[in-house]
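Enquirer: Fold the following for me, if possible:
(chains A, B and C)
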Amino acid sequence: MEYVSPEGLRIDGRRPMEMRKLHAEMGVVAKADGSAVFVMGNTKVIAAVYGPREVQNRSQQMSDQALVRCEYSMANFSTGDRMRKGKGDRRSTEISLVVRQTMEACILTHLMPRSQIDIYVQVLQADGGTRCACINAATLALADAAIPMRDLVTSCSAGYLNSTPLLDLNYVEDSAGGPDVTVGILPKMDKVTLLQMDSKLPIDTFDNVMQLAIEGCKAVATYIREVLLENTKQLEYHRGV
Amino acid sequence: MAGKASATPATYSPSPATRKGKPTIYKDGDRDWVRPDGRGFQQCRPAFFRTGAVNAASGSAYAEIGNTQVIVSVFGPRESKKAMMYSDVGRLNCNVSCTTFSTPIRGQDFDQGSDHKEYSSMLHKALEGAIILESFPKTTVDVFALVLESGGSDLPVIISCASLALADAGIMMYDLVASVSMSSLGSDLVIDPISEEESYQDGSLIISCMPSRYEVTQLTITGEWSTNKINEAMQVCLDACGKLGKIMRSCLKEATSATSE
Amino acid sequence: MTGLSVGEKLFIQGGIAQDLRTDGRKRLTYRPIYVETGVIPQANGSARVRLGGTDVIASVKAEIGRPSPMQPDKGKVAIYVSCSPTAAPMFEGRGDEELSAELSIALQRCLLGGKSGAGAGIDLSSLVVVEGKVCWDLYIDGLVVSSDGNLLDALGAAVKAALSNTGIPRVQVAADTTGEDQPEVDISDEEFLQFDTSNLPVIVTLTKVGRHYIVDATSEEESQMSSAVSISINRRGHTCGLSKRGGAGLDPSVILDMISVAKHVSEQLMNKLDSEISAAEAIEDDS
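Expert: The predicted structure follows:
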């Protein structure tokens, strides 16, 4: 199948280095301590953060740092074909773990010993890149909950199809079976915290693809920063400062 | 037992019409249709209750109303599971399951031997208002209901039988809970429907009430009803609940007088 | 759930007794309703309804299926509700199953009518393509994203909005099908048939706190309830389903009174909802 037309356009009309439209909003869940919705094209994810609060299960309590937990769930209507899968299948468990580890690395857990932070991510629409969208939504939700972090974490994926590196794969491109590199970075500190790849790539091509994904992460970071700034301005306005 | 048959029929004789005969399909225009088992529209099936059906349980009861047969056993109050948080009122745990041979087609409605979630939660709702939960803090009472044969109006029979089992177990209650259902078929209302009538019904109304306190603990309605019809159906059902309550009460009295003798 | 002090509890109860609730509403006033339609592009119809802090999404998906042999002239409808852990940490893992099942059953009871299909808000016979062979299966999924009380009313409104947003593709049946064969169908992806939602009821939940009852309770108010009755009422003022929730018993006359109050409230709610839905659809058409 042809994923990049001779004119250099992808199936959904984007150029190879082009991201999908981003949209984010904070404070969407009234009862949560922090929440955000993150949209990448047709992929839409809500994240809610509860905590820091008392540890529910005493045996998991840690005296020197906070416990970070994460649960990933997909809505029944999130995919093209309706599915009725229970929570806790392997894929969800894996993504929960990935998000938890990525977020744990940037939260200053030692500042909140003997407490627990819950991150819940709910996929409303899945069209490729749910993993990245979850991490981006979680970052915003944590910021909304005012949980101290080293830096923002942003994530983006890139692939390699028809000998062209492609940024931010959608579902059709993702299921083509080609290489898919998901990267999460701390943009200010310029460090990589998450790197996953399916399939295989020659080393020199991998460098290109990863570089592209990192560029994507930086673009996401710029956007997230804008959203945060706008949100802070709104807060300031409501306080009447 | 047989000697004490006063107002209540001590033994139950199955009405023959329910067992044989093709379904008499009810027609809309026909005003003088007859119910498959020949009862009047506002006539309940004969009810039989007996307590102490299961020896291992703290309390138990067996109910047979028409072809519907139900056993309910009550265990507890016992200590709540450690994982549960402290609570100054007792917990009620209800579970309804059906035998695989309870329906004409084996395991028709339910997975084999599995519990029936909808009935379990409805049973819980119908009973919790009648039990004085404050009388056993930090503990749990388990109610297990088993439908031996499903012959229509299963849920009301389970509810009535469960309240009798709770009384047998000595759990404090404000009153017994008697439950009756009603089906609307076209413009007619029939009380205590059998399975066949239930499968044709346009709507149903299940009411659970505490007869002496004249309070409704649970009411569910499906299908389209006008307010007048609800009014009428509730009145008939409440009357029937009152009568059913008397039968249940006399069954309890019999059981206690039998043990004291 | 919600930890309230004695003072807060008394404040809520006292407010309700004086017909001035903590957020300034009267006993029989709803919070403002916001409806957004077409939020899930993959679905045939979808809607998001916000009611104060309560936020729910409903989606409708139609798939071609076979009617059940018992009812060859009717399509099938399934309603599933799930509660996302984003709404409350207690829904984590399997923690939502109990509430989800309760809400699903309550919605089915309110929308699907009796066993024979009479009084159903959704006309099942309109879903049949070829009698006994091909029909539409409607899957209605509800998702609770954020919860601040009165979930059932919000879900009922969301399902109503999603169904009026639903377009069912026009189906062409191949003419030369005879006998037992499963007929071939051609599903159009351009022509859509609108769904008739004029008969769909709205759900009104009356929560009894003290001696009075209130509509649209927040979760704080729900924690103070002695019992609640959810009544679904259609445009003709007929009751299409009723279920009682929560402990204490009620006097039969109180229930009848609640039904008449709910009927009165439902008219306002229905009109409000209809205008919100048409406004939402107008916005969607523009964009």
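Enquirer: Okay, buried residues for stretch C:207-225 please.
Expert: C:207-209, C:213-225 (16 or more other Cβ atoms under 10 Å in any protein chain shown). (C-beta placed from N, C-alpha, C; glycine too.)
Enquirer: Run the chain-centre distance for it.
Expert: A distance of 20 Å separates the centroid of the chain from that of stretch C:207-225, by Cα atoms, centre = their mean, to the nearest Å.
Enquirer: What mean pLDDT does that stretch get?
Expert: Average pLDDT, stretch C:207-225: 90.
Enquirer: Endpoint to endpoint, that stretch covers what distance?
Expert: 6 Å (Cα to Cα, to the nearest Å).
Enquirer: Does at least one residue of it sit close to chain B?
Expert: No: against chain B, stretch C:207-225 shows no contacts by Cβ under 8 Å from any Cβ of the partner chain, the least distance being 12.0 Å.
Enquirer: Which secondary structure state does residue B:193 sit in?
Expert: coil (DSSP: H, G, I helix; E, B strand; the rest coil).
Enquirer: which residues does the residue nearest to it when sequence neighbours are not counted contact?
Expert: Distance criterion Cβ to Cβ, 6 or more residues apart in numbering or on different chains; nearest residue to residue B:193, sequence neighbours excluded, is residue B:183 at 4.1 Å. Counting by Cβ atoms under 8 Å, 6 or more residues apart in numbering or on different chains, residue B:183 touches B:189-190, B:193, B:197-198, B:201-204.
Enquirer: And residue B:183, how far from residue C:121?
Expert: Separation of residue B:183 from residue C:121 (Cβ to Cβ, to the nearest Å) stands at 20 Å.
Enquirer: what's the answer for residue B:226, then?
Expert: Distance, residue B:226 to residue C:121, by Cβ to Cβ: 16 Å.
Enquirer: and the two? which has more neighbours close in?
Expert: A direct count of neighbours by other Cβ atoms under 10 Å in any protein chain shown for residue B:226 and residue C:121 places residue C:121 higher, at 24 against 12.
Enquirer: That one is in contact with residue C:109, isn't it?
Expert: No: counting by Cβ atoms under 8 Å, residue C:121 stays clear of residue C:109, with 11.1 Å between them.
Enquirer: which residues touch residue C:146?
Expert: A:28-32, A:35, C:53-55, C:86-87.
Enquirer: so which strand or helix has residue A:158?
Expert: If you go by DSSP states H and E, residue A:158 is part of strand A:154-161.
Enquirer: Pull the most distant pair out of the contacts of residue C:146.
Expert: A:35 and C:54 (14.1 Å; Cβ to Cβ).
Enquirer: List, one by one, the residues from the stretch 101-250 of chain C near chain B.
Expert: Contact residues, the stretch 101-250 of chain C versus chain B (Cβ under 8 Å from any Cβ): C:101-102, C:105, C:109, C:112-116, C:118-119, C:227, C:229, C:234, C:237-250.
Enquirer: which of those are buried?
Expert: For these, buried by 16+ other Cβ under 10 Å: C:101-102, C:105, C:109, C:112-116, C:118-119, C:227, C:229, C:234, C:238-247, C:249-250.
Enquirer: Helices - which of the residues you listed land there?
Expert: Using DSSP state H, the members of those that fall in helices are C:101-102, C:105, C:109.
Enquirer: of those, closest to chain A?
Expert: residue C:101 (12.9 Å; Cβ to the nearest Cβ).
Enquirer: Output the lowest-mean-pLDDT helix or strand in chain C as CSV, nothing but the C-alphas.
Expert: Among the helices and strands of chain C, strand C:185-194 carries the lowest confidence by mean pLDDT, DSSP states H and E, at a mean of 77. Output in CSV follows, covering the C-alpha atoms of strand C:185-194 (Å, rounded to 0.1, in the frame of the first residue of the first chain):
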residue,chain,number,x,y,z
VAL,C,185,-27.3,-5.8,1.6
ASP,C,186,-25.6,-2.7,0.3
ILE,C,187,-25.0,0.0,2.9
SER,C,188,-25.0,3.5,1.6
ASP,C,189,-22.3,5.8,3.1
GLU,C,190,-23.9,8.9,1.8
GLU,C,191,-27.6,8.7,2.6
PHE,C,192,-28.6,8.6,6.2
LEU,C,193,-32.0,8.2,7.8
GLN,C,194,-32.8,10.3,10.8
